[in-house]
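> What shape does this take:
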Amino acid sequence: MIESLLPPPLAVADTRHDRPDSVLYPAEAQRVAGAVDARRREFATVRFCARQALGELGVSPAPILNGERGAPIWPDGTVGSMTHCQGYRAAAVAYATDLATIGIDAEPDLPIRAEGTRELVMVPEERARVAALRVRRPEVAWDRLVFSAKESVYKAWFPLTGRWLDFHEAVITIDPDRGTFHARLLVPGPEIGGSRVRAFEGSWLRREGILLTAIALTHAAVDVTRPVPSGGRSATAVSGAR
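The predicted structure follows:
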């Protein structure tokens, strides 16, 4: 599914089920040695996806460990992002010469139920827009989609900055018709190509009970949105992961 949001030059791999042939390197296995079986299986399967995607780039299999704040450490010369939720695992990678960063996230297409979580995730203007979208198209879990978009923003943000990004430091505007979203940063963003990133442009998809969001940021950050030339809906940054 994720391939419809992230066309070339990215390489992607996904699966709806854990792979019994997913094998962890010893260093990876140590990271989940004390975890429950379900956690070990999802950890292994998402790395299986990552190695499949890297293989499409011609990158040899290698351990994919976690660095600061849990962010994956990708092989030299590559950038990427991984995600997993119940019933879905995916990875997206690219050469660092082609893209500056990638952020992807998958969530179940279910409303946020936990008390106070909407207030934690969304600022008032986002909650107002979500309420309006819910009236217009009640079949979509819009609050969960905003959460997913912010997860993708963070995954794209952190490799560029090495800094935490709070939920209330980015404001998401979803286009329900085009399958895109705009993430306006409320804090100074990274500099790419001499320009300050002030926002991210991303794409979203709802299919088979899963919500997917994705960001692919080129090195050519500019003052207006510039779509990636392809049949997909991925877009570059507007000048200005978890």
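
> and this structure, what are its domains?
Per the record, the chain has its domains at 2-104, 107-239, by automatic domain parsing.

> Take those and write them to JSON lines, including mean neighbour count.
Heads up, the C-betas are built off the backbone N, CA and C, glycines and all. Formatted as JSON lines, the domains of the chain follow (neighbours: other Cβ atoms under 10 Å):
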{"stretch": "domain 2-104", "mean neighbour count": "18"}
{"stretch": "domain 107-239", "mean neighbour count": "18"}
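
> now the ones you listed as a markdown table including mean pLDDT?
Conversion of those to a markdown table gives the following (pLDDT from 0 to 100):
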| stretch | mean pLDDT |
| --- | --- |
| domain 2-104 | 94 |
| domain 107-239 | 86 |
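
> Figure out the helix or strand that the residue most central in space within the chain lives in.
For the chain, Ile104 is the residue whose C-alpha lies nearest the centre (Cα atoms, centre = their mean; 1.7 Å). Here Ile104, judged by DSSP states H and E, is contained in strand 101-108.

> So which other helices or strands are in contact with the following helix or strand past that strand?
Following strand 101-108 in sequence order, the next helix or strand is helix 117-121 (DSSP H and E). In this structure, helix 117-121 packs against helix 124-136, helix 142-161, with contacts taken as 3 or more Cβ pairs under 8 Å, 6 or more residues apart in numbering; DSSP states H and E.

> The shortest one to helix 142-161, inter-axis angle?
Our comparison of helix 124-136 with helix 142-161, counting by axes from the mean of the first three to the mean of the last three Cα atoms, to 10 degrees, yields an angle of 140 degrees.

> which residues touch helix 124-136?
Helix 124-136 is contacted by residues Arg118, Glu119, Met122, Val140, Trp142, Asp143, Val146, Val171, Ile172, Thr173, Ile174, Pro176 when judged by Cβ atoms under 8 Å, 6 or more residues apart in numbering.

> Roughly how far does the last one sit from Ser60?
Right, Pro176. 42 Å (Cβ to Cβ, to the nearest Å).

> The fifth one now?
Remark: distance between Trp142 and Ser60 (Cβ to Cβ) = 42 Å.

> what does the first one give?
Spatial separation of Arg118 from Ser60 under the definition Cβ to Cβ is 44 Å.

> same check, this time on the second one
For Glu119, the distance to Ser60 (Cβ to Cβ) stands at 46 Å.

> Could you do Ala170 as well?
Distance of Ala170 to Ser60, given as Cβ to Cβ: 35 Å.

> Helix, strand, or coil at the nearest residue to Phe48 once chain neighbours are set aside?
Spatial nearest neighbour of Phe48, chain neighbours left out: Ser22 (3.9 Å); criterion: Cβ to Cβ, 6 or more residues apart in numbering. Following DSSP: H, G, I helix; E, B strand; the rest coil, we place Ser22 in the coil state.

> phi, psi of Ser22?
The phi/psi pair for Ser22 (degrees, to the nearest 10) reads phi -80, psi 120.

> OK, contacts around it?
Residues counted as contacts of Ser22 (Cβ under 8 Å, 6+ apart) are Arg41, Ala44, Thr45, Arg47, Phe48.

> The last one: helix or strand, and which one exactly?
Secondary structure assigned from DSSP H and E places Phe48 in helix 37-56.

> Return the set of residues that bridge with the nearest residue to Ser152 once chain neighbours are set aside.
Computed as Cβ to Cβ, 6+ apart, the closest residue to Ser152 that is not its neighbour in sequence is Gly103, at 3.9 Å. Gly103 forms beta bridges with Ile215, as assigned by DSSP bridges.
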